[in-house]
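Visitor: sequence and predicted structure are below.
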Amino acid sequence: MDVAKRAIVVGIPGVGKSTIVNKTVELLKKQGLTAKFVIFGSVMFDEALKLGLAKHRDDMRKLSVDEQTKLQVLAASNIKNTSAEVVIVDTHLFIHTQEGYWPGIPESVLKALSPTHLICLEASPKEIMSRRARDGTRSRDPITEDEINRDLQLSRSMLSTLAILSGAPMLLTSNNEGKADETARSVVKGLGINLG
Ligand code: ATP
Ligand code: AMP
Ligand code: MG
């Protein structure tokens, strides 16, 4: 490939980011491309463990924004050096903190990640609620359908800002129930890569 691709995949908690990013990377590898994915929250959590700030990944959003910012900066500078023909970063546009909605990709993080593509996964509030409820590996905050609708709207406006600042195209992709493979194929297509 002539130019390396660096995609940021976002979407509200439980929409299916990690599932889709995994599948997308597998598809790309089958095409013979070098592809890597990074879960921003995992890199942050490694830093939180080293600093003794959290014992579980879902505890991090309960820290003060100052402490979370410290972890976010460390994670961004670590991820900055990841290279491959395709790098996909799985992360969040905003975090629900005790101090309000806090941006997951402020300008400094956007610069460090320097995306060529912005991909936002979406699903209906009902699908998202049932995915959150089914996934016993995580401790997700209770949320109503109205709140999910508000978060989906906020996601689109934050994504537009990132597209304007970075010049990267933004793709809104539905991750429909039972259709994760299809979603991963649309993500590959959205990266401008043809599956043979
Ligand atoms: P978080 O932001 O909390 O890390 P996430 O967006 O990464 O969440 P996943 O962990 O990938 O979400 O998925 C949440 C749950 O939804 C998982 O149990 C996963 O298996 C399921 N899931 C993902 N995509 C689909 C789909 N298309 N159809 C049905 N279930 C799905
Ligand atoms: P995840 O597994 O994607 O939910 O990530 C775990 C946690 O990491 C999230 O719940 C957030 O607390 C944190 N996190 C992930 N990405 C970011 C980001 N870009 N900025 C700040 N915190 C983040
Ligand atoms: Mg995830």
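Guide: Arrived safely, thanks for sending. Ligands and ions are numbered 1, 2, ... in the order given.
Visitor: contacts and neighbour counts: CA atoms only from here.
Guide: Fine.
Visitor: can you list the residues of the protein near ligand 1?
Guide: For the chain, the residues in contact with ligand 1 (Cα under 6 Å from any ligand atom) are 12-19, 131-132, 134-135, 175-180.
Visitor: now, of those residues, which are buried?
Guide: Neighbour-count burial (16 or more other Cα atoms under 10 Å) applied to the residues of the chain next to ligand 1 gives 12, 13, 14, 15, 16, 17, 18, 131, 132, 175, 176, 180.
Visitor: what is the least confident helix or strand in the chain?
Guide: Between all helices and strands in the chain, the lowest mean by mean pLDDT, DSSP states H and E belongs to helix 125-134, at a mean of 95.
Visitor: what's the next helix or strand after it in contact with?
Guide: Beyond helix 125-134 on the C-terminal side, the first helix or strand identified by DSSP states H and E is helix 145-166. For helix 145-166, contacts defined as Cα atoms under 8 Å, 6 or more residues apart in numbering pick out 11-12, 93-94, 110, 114-115, 118, 120, 122, 125-126, 129, 168-170.
Visitor: also stretch 167-180?
Guide: Contacts with stretch 167-180, where a contact means Cα under 8 Å, 6+ apart, come from 15-16, 19-20, 115-123, 127, 159-160, 162-163, 183, 186-187, 190.
Visitor: same deal with stretch 47-66?
Guide: For stretch 47-66, contacts defined as Cα under 8 Å, 6+ apart pick out 41-42, 45, 68, 71, 74-75, 95-99, 102, 138-140.
Visitor: thinking again about what came up before, from the residues of the chain next to ligand 1, which are also near ligand 2?
Guide: Within the residues of the chain next to ligand 1, nothing lies near ligand 2 by Cα under 6 Å from any ligand atom.
Visitor: keep only those of the contacts of stretch 167-180 that are in strands.
Guide: Secondary structure defined by DSSP state E assigns 117, 118, 119, 120, 121, 122 of the contacts of stretch 167-180 to strands.
Visitor: what about the closest residue to the last one other than its chain neighbours, neighbour count?
Guide: If the residues on either side of it in the chain are set aside, residue 122 comes closest to residue 174, at 4.8 Å by Cα to Cα, 6 or more residues apart in numbering. Applying other Cα atoms under 10 Å, we find 17 other residues in the vicinity of residue 174.
Visitor: quick one: residue 174 and residue 59, what's the gap?
Guide: 28 Å (Cα to Cα, to the nearest Å).
Visitor: check residue 119 too.
Guide: For residue 119, the distance to residue 59 (Cα to Cα) stands at 26 Å.
Visitor: just want to know which of those two has more residues nearby.
Guide: Using other Cα under 10 Å as the criterion, residue 119 and residue 59 rank with residue 119 on top: 23 against 13.
Visitor: who touches that one in this structure?
Guide: Here residue 119 is in contact with 7, 8, 9, 10, 170, 171, 172, 173, 187 (Cα under 8 Å, 6+ apart).
Visitor: could you give the bridge partners of it?
Guide: Residue 119 has the following beta-bridge partners by DSSP bridges: residue 9, residue 171.
Visitor: and the ones in strands among the contacts of stretch 167-180 as a markdown table, adding pLDDT?
Guide: What follows is the ones in strands among the contacts of stretch 167-180, written out as a markdown table (pLDDT from 0 to 100):
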| residue | pLDDT |
| --- | --- |
| 117 | 98 |
| 118 | 98 |
| 119 | 98 |
| 120 | 98 |
| 121 | 98 |
| 122 | 98 |
